[in-house]
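# Sequence and predicted structure below; questions after.
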Amino acid sequence: MTKAMTSRQRVQVALDHREPDRVPLGIWSTLDGYKRLRSYLGLPIAEQYPVGSTTWSRDVPVEFDVIDKLGLDVIRVCGRCPGGKSLEKTPDGLWIDEWSVKRKLVEHPSGTYLEIVNPPLKDATVDDLADYPWPDPSDPAVWEGLEERVKRLYDETDLAILAQFGRGGIFEQAKYLRGYDTIMYDMAANPEFVIALFDKLTEVEMKFNEIGIGLIGQYINILRLSPEDLATGDSTFVSPKMFERMLRPYYKRSFSLARKLLKEKNPQARLQFHSCGAVYPLLNALIEDGMEIFDPLQPRVAEGSRPARLKQAFGDRIAFWGGIDVQVTLPRGTKEEIAKEVRTRIAEVAPGGGYILSSSHRIQPDIPPENVVAMYEAAKEHGEYPIKA
């Protein structure tokens with residue numbers, strides 16, 4: 001067995017496409033799922049957590065005591081973490097974020113989620129974009145205390161540090177601001193508006209990354225660019241031809257700036273990009289433009305985009321994050337079924353390095369916390385290098 005490494009060493013070796021002592025472990029959780037996990041681990045639950053504002057879920061930063069208790073390797077940091085200012089309640093009982101997107105809290109069997117109400121740019125024209133109240137990357141409140149907090153993590157722990165500065169993505173945020181149906185229609189019938197909107201969203205994304213890298217780029221192992229969703233479980237949202245024309249140029253600009261800035265401060269840091277779904281047709285372009293880690297690696301998508309296929313096709317060029325199913329295995333599986341999937345995923349993706357094991361999406365409240373623990377226990381048991389078939 002390879003000599004034991006620190007978490008930071010373990011992650012960096014894996015991202016360099018070499019085999020560390022064992023498969024590194026990460027985590028990603030919603031508020032409700034996180035509270036259940038803390039309770040199960042016997043850890044105190046705060047009265048309030050900073051809740052991310054840029055997606056349908058309520059994401060929270062996972063604290064050091066949970067990471068230590070589970071033996072994980074990566075901690076996530078951001079300005080006003082995670083991903084935006086905390087949601088503010090409006091007089092009419094809705095919640096509003098820094099993009100002026102309003103949401104209502106809706107109870108589902110699997111937890112409480114945020115559903116968008118009346119996308120604010122649904123009826124906007126190109127001229128309206130100039131006066132829209134965009135998030136301000138230069139707002140000092142966004143960055144307050146970040147440099148000191150991350151330097152302390154770097155100096156006082158051996159954890160790998162994953163940072164995210166951007167606020168909600170380019171295509172993804174356009175869906176929230178314009179509405180899913182409208183932005184899809186616009187891409188075919190109203191490209192002038194789409195180009196103007198994507199230009200602005202890319203500008204905001206790049207400025208957040210520029211400031212964030214300037215503050216803490218020297219301390220991080222991974223920069224997670226603003227997350228997008230480019231596909232359903234069966235196919236991409238737009239054709240590869242439409243992707244090339246309407247989306248790829250903006251990702252290329254964002255990736256290029258982030259890589260340039262990291263090369264100057266910390267060339268070992270890697271760029272991570274998120275998309276759910278059957279994204280295989282788009283991955284080669286994203287890799288060419290600078291993506292170095294892909295998440296969340298989902299097993300229940302179209303066969304061509306499943307973990308073994310992605311590793312085979314792209315594993316010599318990018319690393320992967322995720323892989324353990326949140327749709328069936330983690331919510332309803334037995335300890336033995338979870339261990340079996342962990343072994344399978346490790347055998348498929350871990351050889352040669354390039355894999356950080358985690359859930360295939362957020363840990364939501366329908367996942368029993370004992371199953372979360374079982375996932376990590378199995379990963380530590382079966383993830384030692386060299387990987388056994």
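Nice, I can see it.

# Residue 387: neighbour count?
19 (other Cβ atoms under 10 Å). C-beta: built from backbone N, CA, C; applies to glycine.

# which ones are touching it?
The contact partners of residue 387, taken as Cβ atoms under 8 Å, 6 or more residues apart in numbering, are 346-347, 350-351.

# do residue 306 as well
298-299.

# again, only using 7 Å
If a contact means Cβ atoms under 7 Å, 6 or more residues apart in numbering, then residue 306 has residue 299 as its contacts.

# could you measure it against residue 95, distance?
36 Å (Cβ to Cβ, to the nearest Å).

# ok, of the contacts of residue 387, which come out buried?
346, 350-351 (16 or more other Cβ atoms under 10 Å).

# worst-scoring helix or strand of this protein, pLDDT-wise?
strand 88-89 (a mean of 84; mean pLDDT, DSSP states H and E).

# Can you spell out which helices and strands pack onto it?
strand 95-96 (3 or more Cβ pairs under 7 Å, 6 or more residues apart in numbering; DSSP states H and E).

# could you point out which element follows the helix or strand containing residue 183?
Assigned by DSSP states H and E, residue 183 belongs to helix 180-189. Downstream of helix 180-189, the next assigned helix or strand under DSSP H and E is helix 191-216.

# So residue 273: helix, strand or coil?
strand (DSSP: H, G, I helix; E, B strand; the rest coil).

# if I pick it, what's in contact with it?
225, 286, 291, 294.

# CA atoms of the helix or strand hosting the second one as PDB?
Of the helices and strands defined by DSSP H and E, residue 286 is found in helix 280-289. Written as PDB, here are the backbone C-alpha positions of helix 280-289 (Å, rounded to 0.1, in the frame of the first residue of the first chain):
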ATOM      1  CA  TYR A 280     -21.200  13.200 -23.400                       C
ATOM      2  CA  PRO A 281     -21.700  15.100 -26.700                       C
ATOM      3  CA  LEU A 282     -20.400  18.300 -25.200                       C
ATOM      4  CA  LEU A 283     -17.600  17.200 -23.000                       C
ATOM      5  CA  ASN A 284     -14.800  17.200 -25.600                       C
ATOM      6  CA  ALA A 285     -15.500  20.900 -26.400                       C
ATOM      7  CA  LEU A 286     -15.500  21.800 -22.700                       C
ATOM      8  CA  ILE A 287     -12.200  19.900 -22.200                       C
ATOM      9  CA  GLU A 288     -10.600  21.700 -25.100                       C
ATOM     10  CA  ASP A 289     -11.700  25.000 -23.600                       C
END
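
# thinking again about what came up before, now the least confident helix or strand of the chain, how far from the chain's geometric center?
Mean-position distance between strand 88-89 and its chain equals 24 Å (Cα atoms, centre = their mean, to the nearest Å).

# coming back round to it: so which of the contacts of residue 387 comes closest to residue 128?
Using Cβ to Cβ, residue 350 is the member of those that lies nearest residue 128, at 49.2 Å.

# List the buried residues in stretch 246-261.
Those would be 246-248, 250-255, 257-259, 261, for stretch 246-261 by 16+ other Cβ under 10 Å.

# Can you list the low-confidence ranges for this structure?
1-2, 51-56, 80-86, 389 (pLDDT under 70).

# now the strands: where do they sit in the protein?
In the chain, the segments counted as strands under DSSP state E are 74-77, 88-89, 95-96, 102-108, 111-117, 160-163, 222-224, 270-274, 293-295, 319-324, 355-359.

# that older thread, could you dump the buried residues of stretch 246-261 to TSV with distance to residue 333?
Shown next, in TSV, are the buried residues of stretch 246-261 (distance: Cβ to Cβ, whole Å):
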residue	distance to residue 333
246	39
247	36
248	37
250	39
251	35
252	40
253	42
254	37
255	36
257	42
258	37
259	39
261	42
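
# Counting only helices, which of the residues you listed make the cut?
248, 250-255, 257-259, 261 (DSSP state H).

# Could you give the number of residues near residue 211?
If we define neighbours as other Cβ under 10 Å, then residue 211 has 18 of them.

# Next up, the contacts around it.
Counted by Cβ under 7 Å, 6+ apart, residue 211 has contacts 137, 143.

# cool, residue 227 as well?
169, 172, 274.

# Among the contacts of residue 387, which pair sits farthest apart?
346 and 351 (8.6 Å).
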